[in-house]
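> starting from these lines, generate the structure:
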Amino acid sequence: LFLLQVTPESSINTYSQFFIEQERAIELLRLNMPSNHLLYVKEHPAMRGMRSSSWYKRLSIKPGIILVDYKVDTFELIKKSSLVSTITGSAGFEAYVLNKPVLMFGRTFFSEMITRYDSIETLRETLYFLTSSYTHDSNNEKTKKIARIYNISFDFKMHDPFQFPEVLEEKNIKNFYHAIIKHTTRLKIGD
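Just a heads-up that it's a prediction; the model follows:
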């Protein structure tokens, strides 16, 4: 299962520029996946009507690809898939929690939990491993990894202040300030 993302998207545009055109990842998967697999591609609901119909048509005629209607429940698709892939989408994190193998093409806040695309030279081997020999983390190991993320999470918003004026509200600025102080203090203690 390959889950398309909204585009433009800051996590792709910043950390995974090669995959801004997400069709590159789809082609890599399609050409390297095990021959007994099909690649299901699902559009992000927020992108409905944003990509040209010719883009979908071009994708749909490629061997091994099946386009999935954007209305289909992503959670159910993840549960039925042998592998979930996306560039930087949070659905990769959901798949991890559901004990599904994940291949991400970009960096994310949960990169240490999943398998990341390394190179075209190792992709075929990686896909075969993930679809046949993958073993998921124990619930105890997942809990530890997720707790590490929550341990450095803070309650503030970072957005464009012109579109999201709440970013400049006093409470948000104070939360941001306290997060910096708390985190840098932790770093000094850890050293």
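
> contacts for the helix or strand of the chain with the lowest mean pLDDT, please.
Within the chain, no helix or strand scores below helix 10-15, which has a mean of 82 by mean pLDDT, DSSP states H and E. Helix 10-15 is touched from outside by 5, 19-20, 22, 87-88, 106-108, with contacts defined as Cβ atoms under 8 Å, 6 or more residues apart in numbering. (C-beta placed from N, C-alpha, C; glycine too.)

> repeat that for 10 Å
5-7, 18-22, 86-90, 105-109, 111 (Cβ atoms under 10 Å, 6 or more residues apart in numbering).

> likewise stretch 49-68?
1-4, 6-7, 22-23, 26-27, 29-31, 33, 35, 37-44, 70, 74, 77.

> again, only this time at 6 Å
Residues from elsewhere that reach stretch 49-68, judged by Cβ atoms under 6 Å, 6 or more residues apart in numbering: 30, 38-42.

> mind checking which of those land in strands?
Using DSSP state E, 39-42 are the members of the contacts of stretch 49-68 that sit in strands.

> ok, and the most crowded of the residues you listed?
Within these, neighbour counts (other Cβ atoms under 10 Å) peak at Val41, which reaches 23 neighbours.

> which residues does the residue lying closest to Gly92 once chain neighbours are set aside bridge with?
Spatial nearest neighbour of Gly92, excluding adjacent residues (Cβ to Cβ, 6 or more residues apart in numbering): Val102 at 4.6 Å. For Val102, the beta-bridge partners are Val84 (DSSP bridges).

> who's in contact with Val102?
84, 92, 95-96, 114.

> most neighbours out of those residues, which is it?
Ala95 (29 neighbours).

> what's the pLDDT at the closest residue to that one other than its chain neighbours?
Excluding the flanking residues, the one nearest Ala95 by Cβ to Cβ, 6+ apart is Val84, at 3.8 Å. Looking at Val84, its pLDDT stands at 98.

> now do the contacts for the most centrally placed residue in the chain.
In the chain, the residue lying closest to the centroid (Cα atoms, centre = their mean) is Gly89, at 2.5 Å. By Cβ under 6 Å, 6+ apart, the contact set of Gly89 is 3, 5.

> burial check on Arg24, number of neighbours?
Count around Arg24 with other Cβ under 10 Å applied: 13.

> now do the SS call for it.
At Arg24, secondary structure determined by DSSP: H, G, I helix; E, B strand; the rest coil is helix.

> any regions of the chain where pLDDT drops low?
190-191 (pLDDT under 70).

> that one: helices as residue ranges?
Under the criterion DSSP state H, the chain contains helices at 10-15, 23-32, 53-60, 74-80, 91-97, 120-132, 139-151, 170-190.

> out of these, nearest to Met158?
Smallest distance to Met158 across the helices of the chain (Cβ to Cβ): 7.7 Å, for helix 170-190.

> other residues contacting that closest one?
154-157.

> distance of Pro63 relative to Ala147?
Separation of Pro63 from Ala147 (Cβ to Cβ, to the nearest Å) stands at 43 Å.
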